[in-house]
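# next comes the sequence, and after it the predicted model I'd like to discuss.
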Protein chains: 2
Amino acid sequence: MNLSTLGEFGLIARLQQTLAQRPGVRCGIGDDAAILESLSAPIVTCDALVEQIHFRLDWTTLRDLGWKAMAVNISDIAAMGGTPVAAFVALALPQDFAVEQIEELYAGMEEAAAAFAFTIAGGDTTKSPGPMLLSITLIGNATQPVLRSGAQIGDILLVTRTLGDAAAALVALEKGLAVPDELLWRHHKPMPRLREMHTALTIENAVHAALDLSDGLAGDAAHIARASNVTLEIETAALPISASCRAIAATMQKNVFDWALAGGEDYELLLCVAPCKADAVRAAIENGGTPCTIIGRVISQGKVPVMLLDKGTHKPAPGGFAHF
Amino acid sequence: MNLSTLGEFGLIARLQQTLAQRPGVRCGIGDDAAILESLSAPIVTCDALVEQIHFRLDWTTLRDLGWKAMAVNISDIAAMGGTPVAAFVALALPQDFAVEQIEELYAGMEEAAAAFAFTIAGGDTTKSPGPMLLSITLIGNATQPVLRSGAQIGDILLVTRTLGDAAAALVALEKGLAVPDELLWRHHKPMPRLREMHTALTIENAVHAALDLSDGLAGDAAHIARASNVTLEIETAALPISASCRAIAATMQKNVFDWALAGGEDYELLLCVAPCKADAVRAAIENGGTPCTIIGRVISQGKVPVMLLDKGTHKPAPGGFAHF
């Protein structure tokens, strides 16, 4: 169905039927503003995805895109130690977009909302004379927010799962190579580590600082280093890299560590954990079914924010993904 | 300066210096998510503006555009009876956008944030391969939110200031006519009626329902009628229309009531007020310096949501602005 046949308010009415209102929201779509239940410690994140810049509609389904757009925001809330409550979706759509396509996109967003128990509570849908654009603001609650600025000298660095998979998938897609499903999935449908973060936080006073890896480990680690006035020392050989990622790197004659260090969109957690509690945090996360690896430690502030320890030799880390 | 010279994090650092952090925000730009102070009654609104659809950069300055993008969101918070706390800005920018232009845009947004005492606390800036897009999510607090669904039979309808000015300005701009400053200003730099709404709410149990007029009085009034299961009867002759608007209509041989009823972007308040308190509310708002006019009343639900009373004759109202 054509969007202009249905109209803005027809679209809203139709979408409303497919979106569940979950605890935390008093009044969702339909008034000048949504009304939420009281929030003791509101945290808010905002991420925009633009067609041709962040995604290509010939590489992803709209349903996966909807999931991913939500997932990157949930990942930010997770990294702060919070719980998502309500999402607001701004959508600018090319004229030829069909109502069924919008519903596919919303189905992916609602799938993420259901999986992580929050509500799509409002937004704005408008025409675009150019590419499609999707911007989500996600509001959560974090009674004890974990900041980037809390890292302490001696802290152990942990990362969840593996690094570089999404970057490997993207490079292979760009070259037109066949990409194994487990890598494609990492690129198209990242899984926010919300449960893992909450697990880590059950161990008291263990997690000093955290962030989610969106722009590549080296660049993102530097954010923690700068905010905490420390240096992060990362042991290259310790980086968790999947067999599929190594295989693609071998085929393409690429250095797999480049993807692990500077490839974007991993959406894994980087945690700075008190040394006496690192084993407990790691074990708790792994008991939940997610691999978790010690990749380095926090040292006193040196000349560079992130130092690589490669076969016993120190060298500065490369930068992360540049957005402009 | 070119955006790619400065980089994303350079831009963020530069903008941060120009944005004040006001009460209600614990931690703004710089971590995975912003942290707000506790909110007893959070309300959230979201509006997107797209180049060529909602604005043209040859008709508006970037500073005015920044103001307007904020103002339309503040207007929604005002209509709910709330107070704005924190704004989150998603921005997709054409490649050739200069850093100075982004700063102009942010100067306009910050001007609105300063005028209405809230904080620009985060967002996301990205490239656009097409038009510029600006989406703002504004979070406020409303201990006693005023909904569209509260209108009662017998309520008096009040509107602030005048209607149709922004529509008149837009039509005249499109025709290349000279537009008087007082109309241009209504189109480029709308003033949210936050103070007026708070004034109305000082009179206890007076305001039963409210909204801000963004798509035209007739269409917006229908939202209240449908949500409240009533009909809104509007007396055409009572509509407050400025002399400048009448003059433009005369020049262009247009019916000024079409603009007042179906022109968008007035951003005035439509209030449904208990009949015994209508005079007090009107007087209180006018004492604050903003004209306020009785334009009709709420009657029992009829065949149409909005009925016009024109020289003693009833007729159904025309629709509002259609977004698709």
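Perfect, I can see it now. If you're wondering where the values come from, they're calculated on a predicted model, not measured in any experiment. Residues are numbered from 1 along each chain as shown, chains lettered A, B, ... in the order given.
# what sits against the closest residue to chain B within the stretch 101-250 of chain A?
Residue of the stretch 101-250 of chain A nearest chain B, by CB to the nearest CB: A:G130 (2.2 Å). Placement of C-beta: from N, CA and C, glycine included. With contact taken as CB atoms under 8 Å, 6 or more residues apart in numbering or on different chains, A:G130 is in contact with A:P94, B:S128, B:P129, B:G130, B:P131.
# which of these has the most neighbours?
Counting neighbours by other CB atoms under 10 Å in any protein chain shown, B:S128 leads the contacts of A:G130 with 25 neighbours.
# I'd say it and A:M132 touch.
No - look at B:S128 against A:M132 with CB atoms under 8 Å: they stay out of range, at 10.8 Å.
# shared neighbours of these two, anything?
Joint contacts of B:S128 and A:M132 (CB under 8 Å, 6+ apart) are A:V50.
# give the contact list for the closest residue to A:P316 other than its chain neighbours.
Spatial nearest neighbour of A:P316, chain neighbours left out: A:V304 (4.3 Å); criterion: CB to CB, 6 or more residues apart in numbering or on different chains. Residues near A:V304 by CB under 8 Å, 6+ apart: A:T231, A:P316, A:A317.
# show the buried residues in those.
Listed as buried from the contacts of A:V304 are A:T231, A:A317; burial here means 16 or more other CB atoms under 10 Å in any protein chain shown.
# what helix or strand is the residue lying farthest from the centre of chain A located in?
Ranked by distance from the centre of chain A (CA atoms, centre = their mean), the top residue is A:T5, with 35.9 Å. Here A:T5 sits within helix A:3-16, counting by DSSP states H and E.
# give me the mean pLDDT for the helix or strand just after that helix.
For helix A:3-16, the following helix or strand on the C-terminal side (DSSP H and E) is strand A:25-27. Average pLDDT, strand A:25-27: 92.
# pairing partners for strand A:25-27, with directions?
Partners of strand A:25-27 in the sheet, by DSSP bridges, are strand A:34-36 (antiparallel).
# so what's A:R63 closest to, chain neighbours aside?
Leaving aside its chain neighbours, A:R63 sits nearest to A:G108 (3.9 Å; criterion: CB to CB, 6+ apart).
# so the one you found touches A:T60, yeah?
No - A:G108 lies out of contact with A:T60 (CB under 8 Å); the separation is 9.7 Å.
# who has more neighbours, the two?
The residue with more neighbours, out of A:G108 and A:T60, is A:G108; 22 against 19, by other CB under 10 Å.
# for that one, give me the pLDDT.
Per-residue confidence (pLDDT) for A:G108: 97.
# swap in A:I294?
For A:I294, the pLDDT comes out at 98.
# and it, its phi and psi?
Backbone geometry at A:I294, expressed as degrees, to the nearest 10, gives phi -80, psi 120.
# quickly list what it is bridged to.
Taking DSSP bridges as the rule, A:I294 bridges to A:L158.
# and it, how close does it get to chain B?
Distance, A:I294 to chain B, by CB to the nearest CB, to the nearest Å: 22 Å.
# looking at it, that residue is touching A:I156, isn't it?
Yes - between A:I294 and A:I156 there is a contact under CB under 8 Å: 5.7 Å.
# shared neighbours of these two, which are they?
Listed as contacting both A:I294 and A:I156 by CB under 8 Å, 6+ apart are A:A278.
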